[in-house]
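[1] the following block contains a protein sequence and its predicted model.
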Amino acid sequence: MDIKQIKRKLNSSVPYMTFFFIIVNVLVFIIEEIAGDSENGDIVLKMGALYMPKIKEGQWYRFFTACFLHFGYEHLAGNMLALFSVGPYVERFYGHVKFTVLYLVSGLSGSAFVYLMEQRSGEFHVTAGASGAIFGLFGVLIIFALNREMRETFPLPRVILGLVVMFLPSFTEEGISMNGHIGGFLGGTIIGVLFYIIIQNKSNRRTWKNRA
């Protein structure tokens, strides 16, 4: 895939799945507030937050629902701003379907990593937020930055700086799930690489056909 094809992709269709996920997160947050208080752990837990004892009771759906719940306005605003900043680039390059898979798998892998680490440590916390999914999208930006044709648009130092800024609160503030961030980042990066290879192979086949 040459630079012209890449630029065409990054300026192509409207990233409506990015907007869809932002709207869903905001609507769920409004429901949290109507239910009482989005910063109330009991309310967020009732609505589907990740919590080890509940998972052990068979409530596996919490791996998914936790990705759309947030604790307070600041938590929601930070995640939605990050999604709005990164999501359109990823969606335009990968397409709507692959982006949707990337977002959801990243969120689920963030939840799964929290589950594995808490099972290992024996310390259980009520966990919620879209940051696992968003860190998966940042993992994709690393893939972009390592691509020779895309370095101009996504300079590696700038991408790394953005990732450091995203991870920094995990070290400096209490109550932020580092495990969720790491799990989402790893899941998104792995799926992003697989999808990137598929896209590159399709592009190479089209080029070969044109030359033939």
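    Nice, thanks for sending it over. In this text the structure is predicted, and so the values were computed from the model without any measurement. Numbering: from 1, shown residues only.

[2] give me the residue ranges of the protein where confidence is low.
    The chain contains residues with pLDDT under 70 at 1-12, 168-175, 203-212.

[3] what about 50?
    Along the chain, segments meeting pLDDT under 50 span 208, 212.

[4] next, name the residue at the spatial heart of it.
    Centroid-nearest residue in the chain, with CA atoms, centre = their mean: residue 133, separated by 1.9 Å.

[5] what's it in contact with, if anything?
    With contacts defined as CB atoms under 8 Å, 6 or more residues apart in numbering, residue 133 is in contact with 21, 67, 83, 103, 104, 106, 107, 110, 184, 188. (Glycine included, C-beta is placed from N, CA and C.)

[6] cool, and residue 187?
    Contacts of residue 187 by CB under 8 Å, 6+ apart are 105, 106, 108, 109, 110, 112, 113, 132, 136, 139.

[7] need the max-distance pair from those.
    Spatially, the most separated pair among these is 112 and 139, at 15.2 Å (CB to CB).

[8] which of those two has more neighbours?
    Neighbours were counted for residue 112 and for residue 139 using other CB atoms under 10 Å; residue 139 has more, 23 against 19.

[9] surely residue 140 forms part of a helix?
    Yes - judged by DSSP: H, G, I helix; E, B strand; the rest coil, residue 140 forms part of a helix.

[10] quick one on the thing from earlier: can you tell me the element the residue nearest to the centre of the chain falls in?
    According to DSSP states H and E, residue 133 maps onto helix 131-146.

[11] what of residue 44?
    Element membership for residue 44 (DSSP H and E) is helix 41-46.

[12] buried sites along that helix?
    43, 44, 45 (16 or more other CB atoms under 10 Å).

[13] and of those residues, the nearest to residue 75?
    For the buried residues of helix 41-46, the closest approach to residue 75 (CB to CB) belongs to residue 44, at 10.4 Å.

[14] list the contacts for the closest one?
    Applying CB under 8 Å, 6+ apart, we find residue 44 in contact with 32, 38, 69, 71, 126, 128.

[15] what about the third one, how many neighbours?
    For residue 69, the tally of surrounding residues (other CB under 10 Å) stands at 27.

[16] OK, contacts around the closest residue to it other than its chain neighbours?
    Here the nearest residue to residue 69 in space, its sequence neighbours aside, is residue 128; by CB to CB, 6 or more residues apart in numbering that works out to 3.8 Å. Counting by CB under 8 Å, 6+ apart, residue 128 makes contact with 44, 49, 50, 66, 67, 69, 70, 71.

[17] the second one and residue 64: what is the separation?
    Residue 49 sits 11 Å away from residue 64, taking CB to CB, to the nearest Å as the criterion.

[18] of these two, who's got more company?
    Ranked by neighbour count (other CB under 10 Å), residue 49 and residue 64 place residue 49 first, with 22 against 14.

[19] how far away is residue 99 from residue 182?
    Separation of residue 99 from residue 182 (CB to CB) stands at 21 Å.

[20] swap in residue 156?
    Plainly put, residue 156 is 20 Å away from residue 182 if you go by CB to CB.

[21] the more surrounded of those two?
    The neighbour comparison of residue 156 against residue 182 (other CB under 10 Å) goes to residue 182, with 19 against 13.
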